[in-house]
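Novice: no FASTA, just this:
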Ligand code: PEP
Ligand code: MG
């Protein structure tokens, strides 16, 4: 079984008509990095840094963060790791912070909003990530951007930290790529303005679905309304992918739908050719990629964009899979 996984993970994630797809892993802790590299032979498309702190590390300890980021970057080298800056709030809270109770935490002091309100904590994290960038292929990504101003503030803070490091002769990668997540509808619709400031986008569909459809992603009573292939979501995703292409920028997807074989052809057909998912899903998705043709996936998207309901898109996707596998 193990050797089967190993041999499959060495096969290229390439469609029948020769398109390369980049499969990468979502991880939450530094200890997972070695496993991802050795057992799955992929880089990290989403490192959810907040879990390090939920597990007890201190937000104020730059040295420990640096060591964790550096070890992760070295473990996946020569492949790359995208560190996402803190995404707390929503459903993730840190006892260290005593965060105030909110009526609507998913719409409250979450992710980049928190980081911009606690620039002291934000700068420590950025310093630690930048220092680690001298030891491997490191990228930075900001979560839950919803305005141009937030993105510019985050980038200005990053610049300040870089200037400090330069002044103190601390090495870091001057060419480090910076991106932002697209997981709020406002950001998706403003993609052509946001992309001017970053090297890449990563679609966070877990939240994009939640915020687009006004459906709490954690509420089982309305789970039937949580539809990743709702036509409105698909249109937004396609728009974001088109904007990236028009501007020569990279676009990935790191929400759970990347791991769903039924949806993967749709995502790939939109031109999103980097999929980040939990490691257990890599083998089945690689197998799927190797069994489809990109031009057919693109035709699937063209049809899906004309649908009026998630159920119609679902049927298209199911027929596509039946015909391919
Ligand atoms: C997402 O929203 O799709 C995402 C990848 O981020 P998280 O699940 O950590 O909110
Ligand atoms: Mg998210």
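Specialist: Looks like it came in fine. Here the structure is a predicted model, which means the values were calculated and not measured. Ligands and ions are numbered 1, 2, ... in the order given.
Novice: what about the longest helix seen in the chain, distance to the chain center?
Specialist: Of all the segments assigned as helix in the chain under DSSP state H, the longest by residue count is helix 148-167. Relative to its chain's centre, helix 148-167 lies at 21 Å (CA atoms, centre = their mean, to the nearest Å).
Novice: after it comes which helix or strand?
Specialist: Counting by DSSP states H and E, the next helix or strand C-terminal to helix 148-167 is strand 178-182.
Novice: for whichever helix or strand comes after that following strand, packing partners?
Specialist: Downstream of strand 178-182, the first helix or strand assigned by DSSP H and E is helix 185-189. Applying 3 or more CB pairs under 8 Å, 6 or more residues apart in numbering; DSSP states H and E, one finds that helix 185-189 contacts helix 205-213, helix 231-246. C-beta here means a position set from N, CA and C on the backbone, and glycine is covered the same way.
Novice: number of nearby residues for residue 136?
Specialist: Neighbourhood size, residue 136 [other CB atoms under 10 Å]: 21.
Novice: that one contacts residue 83, correct?
Specialist: No: Residue 136 lies out of contact with residue 83 (CB atoms under 8 Å); the separation is 10.9 Å.
Novice: packing partners of the longest helix of the chain?
Specialist: Checking 3+ CB pairs under 8 Å, 6+ apart, helix 148-167 ends up next to helix 112-117, helix 119-132, strand 137-142, strand 178-182, helix 191-194.
Novice: overlap in contacts of residue 136 and residue 83?
Specialist: Common contacts of residue 136 and residue 83, defined by CB atoms under 8 Å, 6 or more residues apart in numbering, comprise residue 72.
Novice: hmm, which helix or strand of this protein has the shakiest average pLDDT?
Specialist: Lowest mean confidence among the helices and strands of the chain (mean pLDDT, DSSP states H and E): helix 2-9, at a mean of 61.
Novice: is any residue of the helix or strand following it near ligand 1?
Specialist: Using DSSP H and E, the helix or strand that follows helix 2-9 towards the C-terminus is strand 22-27. No: against ligand 1, strand 22-27 shows no contacts by CB under 6 Å from any ligand atom, the least distance being 7.0 Å.
Novice: for the record, mean pLDDT for strand 22-27?
Specialist: Strand 22-27 carries an average pLDDT of 98.
Novice: so who does the nearest residue to residue 153 once chain neighbours are set aside touch?
Specialist: With sequence-adjacent residues excluded and distances taken as CB to CB, 6 or more residues apart in numbering, residue 153 is closest to residue 116, at 5.5 Å. Contacts for residue 116 (CB under 8 Å, 6+ apart) come out as 122, 150, 153, 154, 157.
Novice: then residue 257?
Specialist: Neighbouring residues of residue 257 by CB under 8 Å, 6+ apart: 205, 209, 228, 229, 263, 267.
Novice: so which of the residues you listed is the most crowded?
Specialist: Per-residue neighbour counts (other CB under 10 Å) across the contacts of residue 257 peak at residue 267, which has 29 neighbours.
Novice: surely it meets residue 260?
Specialist: No: between residue 267 and residue 260 there is no contact under CB under 8 Å: 9.0 Å.
Novice: rewinding a little: tabulate the helices and strands packed on helix 185-189 (CSV), appending mean pLDDT and distance to residue 174.
Specialist: Shown next, in CSV, are those (pLDDT from 0 to 100; distance: least, CB to CB, whole Å):
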stretch, mean pLDDT, distance to residue 174
helix 205-213, 98, 31
helix 231-246, 98, 24
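Novice: what's the closest of the ones you listed to ligand 2?
Specialist: Nearest of those to ligand 2, taken as CB to the ion: helix 205-213 at 3.7 Å.
Novice: around ligand 2, which positions in the protein sit nearby?
Specialist: Taking CB under 5 Å from the ion as the contact definition, the chain meets ligand 2 at 183, 204, 207.
Novice: please repeat the previous calculation with a cut-off of 8 Å.
Specialist: Residues of the chain that fall close to ligand 2, judged by CB under 8 Å from the ion: 87, 90, 111, 143, 144, 181, 183, 204, 206, 207, 255.
Novice: mind checking which of those are buried?
Specialist: Neighbour counting with 16 or more other CB atoms under 10 Å marks 87, 90, 111, 143, 144, 181, 183, 204, 206, 207, 255 as buried within the residues of the chain next to ligand 2.
Novice: out of everything not next to it in sequence, what's closest to the third one?
Specialist: If I follow you right, that is residue 111. Nearest to residue 111 is residue 144, by CB to CB, 6+ apart, at 3.6 Å.
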